[in-house]
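Participant: A predicted structure for the sequence below; I have some questions about it.
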Amino acid sequence: MAFRVCSRFFRDSAVLSRLVVVSARQESASWLLTAGTAACSRGGRKPFIFTPACFITSDAFLNRLLKGKAAEADGAFYRLPASVPPGSGEQLSLLLRQPDQPDNPRVLKVAIIGAPNAGKSTLSNQLLGRKVFAVSKKVHTTRSRALGVLTEDDTQIILLDTPGLTTVSKVKRHQLEKTLLVDPWNTVKEADLMVVLVDVADRWMCSRLDLEVLKCLAQHPDTPAILVLNKVDLVKAKDRLLDFTAELTCGVVNGRKMRIRPVIKPPWADKRPERESKLQLDEDNTGSEDNEGPEDNAALEGSAEPNSVLSKEQLKALKSQQGWPHFKDVFMLSSVDREDVETLKSYFMAAAKPGSWQYHSEVLTDQSPEEVCTNIIREKLLEYLPQEVPYSMTQRMVIGTGGQMVARMAREAGEDLSRVFLRELVAQSEGRQEGEGEALNVSQKLRQPLELSLLSAAAASQ
Ligand SMILES: Nc1nc2c(ncn2[C@@H]2O[C@H](COP(=O)(O)OP(=O)(O)OP(=O)(O)O)[C@@H](O)[C@H]2O)c(=O)[nH]1
């Protein structure tokens, strides 16, 4: 079993770093590790003994650990990522361009799935090295599937960013787009690898997989899947991540059993019944939402029927299932940490199989420039406006006192867009031909056209 632990983790937790280091040195015997008295006692916690039943390797992690910064100095980490051409025509012809295949091309299609707000778009952006997908604190920022392309040396990784998995009833209740139901499922069909992203800072999600995620995994048992615990920076007691892992994997990774045994009862164990009763509650809620009759599905004309392949018995079994016992690997990371993300990227690079590239190496995303702009503008609206957006949005909310809100959103959207298109953006003023506009200071002169876009987006959603 490969059990990968990222550097932030290493810095934060002597328990886990020792787990990794010791496992790498002892290749062939069962071992017992008494870990972390120093780390645990510092936080006033009692020591644990972890008894892994199988071995743990972490090539990429150890490599970086041993080489330190020297590993980064080879320049591989600093390859300048591609950008998006500013014109739709240019972007289209780039997408249609013959891929510049190297001698021995390798390729991997990765579908990133998970509950809404797990951090799928943040992770995709970090892997790509540019922000091409919208990110916000609010759920369902991503409304339809889009892909990002990461090309390095002879390897092309195609990242399929999906909307958070949701249910028919939620889509109906909140009048969300049908793409939210169809796109994740269609995306997974074409993937070589599924990444299940879990927000470990979410107390409801950290110890049981979302039912929609389980359904998706159960329907694609032949597609390898890995578990990625995200937002570890927000979890104070890092040793709890091992428990989350055990729960989310049913204690089995890559076909091998994992045992984590606290020798002394940890302080949080006393609180466990409370947590379990909440989980039960959550399950009940999920159950009622997901017990949709056939008429519910039929109401969403043209939607995929994700449950159609699973029998009633299988669905029932999934509802009582907490995790998935067929993950190939487990990662723990923080998507906002570049080094952590590099570890996952190295894994993808190593997992890529010989095969033709699908895109030219200059392609960054299949989104049109207009889609990129729309998504970034939507991101700013979602990020800065109150919780009930967009259902009760008014222009007053968007403009803010003295126009400060709209100016701020416009400035930030302008900055994001200039990074995606890799150029200073030019505001087109009336009577001026394309290309004649002087290059304007993004933060100031872009304000007007972007403010107008923000206002019309707000008006359209009323
Ligand atoms: N602290 C922390 N925040 C994170 C991390 N990853 C993502 N976030 C934050 O989590 C929120 C949701 O991130 P998104 O990338 O939009 O999540 P998503 O899964 O694409 O969301 P949907 O579009 O709803 O499916 C944003 O506010 C991110 O900044 C992380 O590793 N650590």
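Facilitator: Sure thing, it's come through.

Participant: anything in stretch 189-203 near the ligand?
Facilitator: No: using CB under 6 Å from any ligand atom, stretch 189-203 stays clear of the ligand, coming no nearer than 6.7 Å. (Each C-beta comes from the backbone N, C-alpha and C, glycine too.)

Participant: wait, doesn't Val341 sit right on Gln126?
Facilitator: Yes: under the contact definition of CB atoms under 8 Å, Val341 touches Gln126, with a separation of 4.3 Å.

Participant: shaky segments in the stretch 251-400 of the chain?
Facilitator: 259-308, 386-400 (pLDDT under 70).

Participant: Now do the strands in it.
Facilitator: Here the stretch 251-400 of the chain has its strands, by DSSP state E, counting those that start in this stretch, at 252-253, 256-257, 329-332, 353-354.

Participant: Of those strands, flag the one that's most buried.
Facilitator: Of all the strands of the stretch 251-400 of the chain, strand 329-332 carries the top mean neighbour count, a mean of 24, counting by mean count of other CB atoms under 10 Å.

Participant: quick check, that strand touching the ligand?
Facilitator: No: shown here: strand 329-332 not in contact with the ligand (CB under 6 Å from any ligand atom), separated by at least 10.4 Å.

Participant: Pro81: what's its closest spatial neighbour, skipping adjacent residues?
Facilitator: Counting by CB to CB, 6 or more residues apart in numbering, Pro81 lies nearest to Gly129, which is 3.4 Å off, once chain neighbours are set aside.

Participant: How many residues are close by the one you found?
Facilitator: The number of residues packed near Gly129 is 20, by other CB atoms under 10 Å.

Participant: next one: the one 5 residues further on
Facilitator: Per other CB under 10 Å, the neighbour tally for Ala134 reads 25.

Participant: where along the stretch 251-400 of the chain do the helices fall?
Facilitator: Secondary structure of the stretch 251-400 of the chain (DSSP state H, counting those that start in this stretch): helices at 272-290, 294-299, 312-319, 338-351, 369-384, 395-399.

Participant: Mind listing what's buried along the fourth one?
Facilitator: Read it as helix 338-351. In terms of neighbour count (16 or more other CB atoms under 10 Å), helix 338-351 has its buried residues at Glu339, Asp340, Val341, Glu342, Thr343, Leu344, Lys345, Ser346, Tyr347, Phe348, Met349, Ala351.

Participant: Adding distance to the ligand, write those out as CSV.
Facilitator: Below are the buried residues of helix 338-351 laid out as CSV (distance: CB to the nearest ligand atom, whole Å):
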residue, distance to the ligand
Glu339, 12
Asp340, 8
Val341, 9
Glu342, 14
Thr343, 13
Leu344, 12
Lys345, 15
Ser346, 18
Tyr347, 17
Phe348, 18
Met349, 21
Ala351, 22
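
Participant: near the ligand, which residues of the stretch 251-400 of the chain?
Facilitator: So the stretch 251-400 of the chain meets the ligand at Ser334, Ser335, Val336 (CB under 6 Å from any ligand atom).

Participant: Which of these sits closest to Val363?
Facilitator: Ser335 (22.5 Å; CB to CB).

Participant: doesn't Ala118 make contact with the closest one?
Facilitator: No: counting by CB under 8 Å, Ser335 does not reach Ala118; the two are 9.3 Å apart.

Participant: And the next helix or strand past the longest strand that the chain contains?
Facilitator: If you go by DSSP state E, the chain has its longest strand at strand 106-114. Per DSSP states H and E, the first helix or strand lying C-terminal to strand 106-114 is helix 120-128.

Participant: thinking again about what came up before, I'd like the buried residues of helix 338-351 laid out as a markdown table, including distance to Cys373.
Facilitator: As requested, these are arranged in a markdown table below (distance: CB to CB, whole Å):
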| residue | distance to Cys373 |
| --- | --- |
| Glu339 | 31 |
| Asp340 | 30 |
| Val341 | 25 |
| Glu342 | 29 |
| Thr343 | 32 |
| Leu344 | 29 |
| Lys345 | 27 |
| Ser346 | 32 |
| Tyr347 | 32 |
| Phe348 | 28 |
| Met349 | 31 |
| Ala351 | 33 |
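
Participant: Look at the closest residue to Thr223 other than its chain neighbours and give its secondary structure.
Facilitator: Distances taken as CB to CB, 6+ apart put Met194 closest to Thr223, at 5.3 Å, once the chain neighbours are dropped. State at Met194, reduced to three classes by DSSP: H, G, I helix; E, B strand; the rest coil: strand.

Participant: got it, and Gln156?
Facilitator: strand.

Participant: thinking again about what came up before, so what does the longest strand of the chain touch, helix or strand wise?
Facilitator: The helices and strands touching strand 106-114, judged by 3 or more CB pairs under 8 Å, 6 or more residues apart in numbering; DSSP states H and E, are helix 120-128, strand 155-161, helix 179-189, strand 193-199, helix 211-219, helix 338-351, strand 353-354.

Participant: Quick check: neighbours of it in the sheet, parallel or antiparallel?
Facilitator: Using DSSP bridges, the strands paired with strand 106-114 are strand 155-161 (parallel), strand 193-199 (parallel), strand 353-354 (antiparallel).

Participant: secondary structure element for the nearest residue to Tyr384 once chain neighbours are set aside?
Facilitator: Nearest residue to Tyr384 in three dimensions, chain neighbours excluded: Met409, at 5.7 Å (CB to CB, 6+ apart). Element membership of Met409, judged by DSSP H and E, is helix 404-421.

Participant: Contacts only, for Leu123.
Facilitator: Counting by CB atoms under 8 Å, 6 or more residues apart in numbering, Leu123 touches Ile112, Val195, Leu197, Val228, Asn230, Ser335, Val341, Leu344.

Participant: re earlier: quick one: neighbours of the residue nearest to Thr223, just the number.
Facilitator: 23.
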